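In: any chance you could fold what I've pasted below:
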Amino acid sequence: MPHKFSEVASTRIRDLNSITPSVLFANRNYLKLWFNGGTATTMRWLELLAIGFFTQKATESEFLVAMMFFLRWIPMVLLGSFIGVLAERFDRRKLFLCGIFMLWMVSATLFVLTWCDTLEIWHVALGTTINGCLNVIEFPIRRTLIGDVVKSKELVPAMALDSVTNQCTRMAGPFLGVIIEGYLGIIGVYFLGLILHAIGFGLLYSLKPPAQKPRIEKKRVLTEISDGFNHIKTRDMLIATLVITAIMNAFAMSFSSLIPAIAVGELNLDTNQSSFLAGAEGLGAFIGALIIATRQFTTPGRLFLFGSIMFEIFLIAFSHAPELIFAIPLLVLSGIGHSGFSASQSALMIAYSDPTMRSRTMGVLAVCIGTQPFGILLLGLIAEFYGAPVAIAISASLGTVLLVWAGYKWPAIWSGSFYEPPNDLSHQKQDKDRYNN
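Out: From the prediction side, this is the model:
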């Protein structure tokens, strides 16, 4: 028996090592979704930072700048589960097309208002809120579609490659946002939105995913949401993934809101130095995502947990870095840990969910990601009394303790195998039709 198990494991490793980016890109459906993710996340990060600078210049209010970030992320909590149910009831591709068209309309409206010199701060706030609502479709729809079009054994490298794109845009988006807003004004940002959302719409219009199984039974929306939560309760891996996601977004991801305070108030950096500091974590995440995309991990739950802990630990060290030369390497290392978290997150949710429940569980994932704005408010409150370094250190320390607790509470997250999800044999049947379209 041990010999047989060893042969099976060796075969799996050989199969996994054959899954390269070129293999994934040979799947045209995946290529379209991957490229769409690039255009969407570029615009998301670019617009958010540019709006922050615009709001700061227009109002000179740090509170209103923070509120713009809050408005962008709070729809995750309010709408995540609801969008997940819609993604199960209706054609995911058509829902995605509607969402992208609405994003294009928001950019067009704000572009016209700016062109006519009638744009006001409440217009920007409303547009930010609407875009936040529409961006909720990322997890219940786009990433679920990725799970629909790739083979089950390709989920980790497919999500890792998608994560590489996300990390690239986290570096390029803010840089482009500052350049465009600085030289062209906010109108340049909305004009670029018109272009990128049009490209995304074209890619999705030509997408041909596997036929979505029609829903025969009809239930109330709240009942279906409840069914999604009940399904999650039966899978320890899903529970652990969601708990860790909530912890990370509340106590780790929110640290970026205090980067300006660290750069200016603690390290006394100029604009150019501050830009390097702001991009350091994204650089580390990009490096880590590249490594993950070219390697295969048979236990991504372990990668997910340990990457999260690594992220928190290096944030603690960064919070009291005395000089820029120490702060940047520490943020790069924290970013590498972040890549393990982001590359495994969606893959675990899709792999351990029944196909009929995937959109609903991804909707719950969006809700857990929505803890980030509350983390931002908590950090701001602590920083107001004790300073940014202490706030980041307290938040990351609490996050580390909670992550260790989650690993102890749900050992499946670090011991389970990605390719053997419990009670779900449908992957083998579905894999036969992945590339037919």
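In: which parts of the helix or strand encompassing residue 128 are buried?
Out: Assessed by DSSP states H and E, residue 128 sits inside helix 121-134. Under the neighbour-count criterion of 16 or more other C-beta atoms under 10 Å, helix 121-134 has 124, 125, 127, 128, 129, 130, 131, 132, 133, 134 buried. (Each C-beta comes from the backbone N, C-alpha and C, glycine too.)
In: so the first one touches residue 114, yeah?
Out: No. Using C-beta atoms under 8 Å, residue 124 and residue 114 do not qualify as a contacting pair, with a distance of 9.5 Å.
In: what do those two both touch?
Out: Residues within reach of residue 124 and of residue 114 at once, by C-beta atoms under 8 Å, 6 or more residues apart in numbering, are residue 186.
In: give the next helix or strand downstream of the helix holding residue 128.
Out: helix 144-149.
In: and the helices in the stretch 51-200 of the chain?
Out: Using DSSP state H, counting those that start in this stretch, the helices of the stretch 51-200 of the chain run over residues 62-73, 75-89, 92-115, 121-134, 144-149, 155-183, 186-205.
In: lowest-confidence stretch among these?
Out: Lowest mean pLDDT within the helices of the stretch 51-200 of the chain: helix 75-89, at a mean of 70.
In: returning to what we had before: distance from the helix holding residue 128 to the middle of the chain?
Out: Distance, stretch centre to chain centre, for helix 121-134: 19 Å (C-alpha atoms, centre = their mean, to the nearest Å).
In: try stretch 36-44
Out: On C-alpha atoms, centre = their mean, the centre of stretch 36-44 falls 11 Å from the chain's centre.
In: now tell me what touches that stretch from outside.
Out: Taking C-beta under 8 Å, 6+ apart as the rule, stretch 36-44 contacts 100, 131, 135, 138, 142, 162, 165-166, 168-170, 172-173, 176, 192-193, 196-197, 199-200, 203-204.
In: over to stretch 313-321?
Out: 252, 255, 262, 267, 327, 330-331, 333-334, 337, 388-390, 392-393, 396-397, 400.
In: buried subset of those, written for ChimeraX?
Out: This is the ChimeraX syntax for the buried subset of the contacts of stretch 313-321, where burial follows 16+ other C-beta under 10 Å:
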select :252,255,262,267,327,330,331,333,334,337,388,389,392,393,396,397,400
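In: the contacts of stretch 313-321 in helices, which ones?
Out: 327, 330-331, 333-334, 337, 388-390, 392-393, 396-397, 400 (DSSP state H).
In: where's the dip in pLDDT among these?
Out: Confidence-wise, residue 388 trails the rest of these, at 82.
In: so residue 335 sits against residue 290, correct?
Out: No. Residue 335 lies out of contact with residue 290 (C-beta under 8 Å); the separation is 11.7 Å.
In: quick one, which of those two is more surrounded?
Out: More crowded of residue 335 and residue 290, by other C-beta atoms under 10 Å: residue 335, with 26 against 17.
In: chain neighbours aside, what residue packs nearest to that one?
Out: Counting by C-beta to C-beta, 6 or more residues apart in numbering, the nearest residue to residue 335 once its immediate chain neighbours are dropped is residue 284, at 2.3 Å.
In: helix or strand for the one you found, which one?
Out: helix 271-293.
In: tell me the helix or strand right after that helix.
Out: According to DSSP H and E, the helix or strand after helix 271-293 is helix 300-319.
In: which of the helices or strands spans the residue most central in space within the chain?
Out: Central residue of the chain (C-alpha atoms, centre = their mean): residue 342, 6.6 Å from the mean position. If you go by DSSP H and E, residue 342 is part of helix 324-351.
In: that older thread, could you give the angle of the helix holding residue 284 to helix 300-319?
Out: Compare the direction of helix 271-293 with that of helix 300-319 by axes from the mean of the first three to the mean of the last three C-alpha atoms, to 10 degrees and you get 160 degrees.
In: residues of helix 271-293 that come out buried?
Out: So for helix 271-293, counting by 16+ other C-beta under 10 Å, buried means 274, 277-290, 292-293.
In: average pLDDT for it?
Out: 77.
In: so who does residue 232 touch?
Out: So residue 232 contacts 238, 239, 242, 361, 364 (C-beta under 8 Å, 6+ apart).
In: change it to 6 Å
Out: Residues near residue 232 by C-beta atoms under 6 Å, 6 or more residues apart in numbering: 238, 361.
In: of the contacts of stretch 36-44, grab the buried ones for ChimeraX.
Out: The buried subset of the contacts of stretch 36-44, as determined by 16+ other C-beta under 10 Å, is captured in ChimeraX by this line:
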select :100,131,135,138,142,162,165,166,168,169,170,172,173,176,192,193,196,197,199,200,203,204
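In: re the thing from before, please name the nearest non-neighbouring residue to the residue nearest to the centre of the chain.
Out: The nearest residue in space to residue 342 (C-beta to C-beta, 6+ apart) is residue 163, at 4.9 Å.
In: the one you found and residue 117: what is the separation?
Out: Plainly put, residue 163 is 40 Å away from residue 117 if you go by C-beta to C-beta, to the nearest Å.
In: do residue 330 as well
Out: Distance from residue 330 to residue 117, by C-beta to C-beta: 44 Å.
In: I'd like the next helix or strand past the helix holding residue 342.
Out: Of the helices and strands lying after helix 324-351 in sequence (DSSP H and E), the nearest is helix 358-369.
In: just want the angle from that next one to helix 62-73.
Out: Using the same axes, to 10 degrees: helix 358-369 against helix 62-73 is 170 degrees.
In: for helix 358-369, give the mean pLDDT please.
Out: Here the average pLDDT along helix 358-369 is 77.
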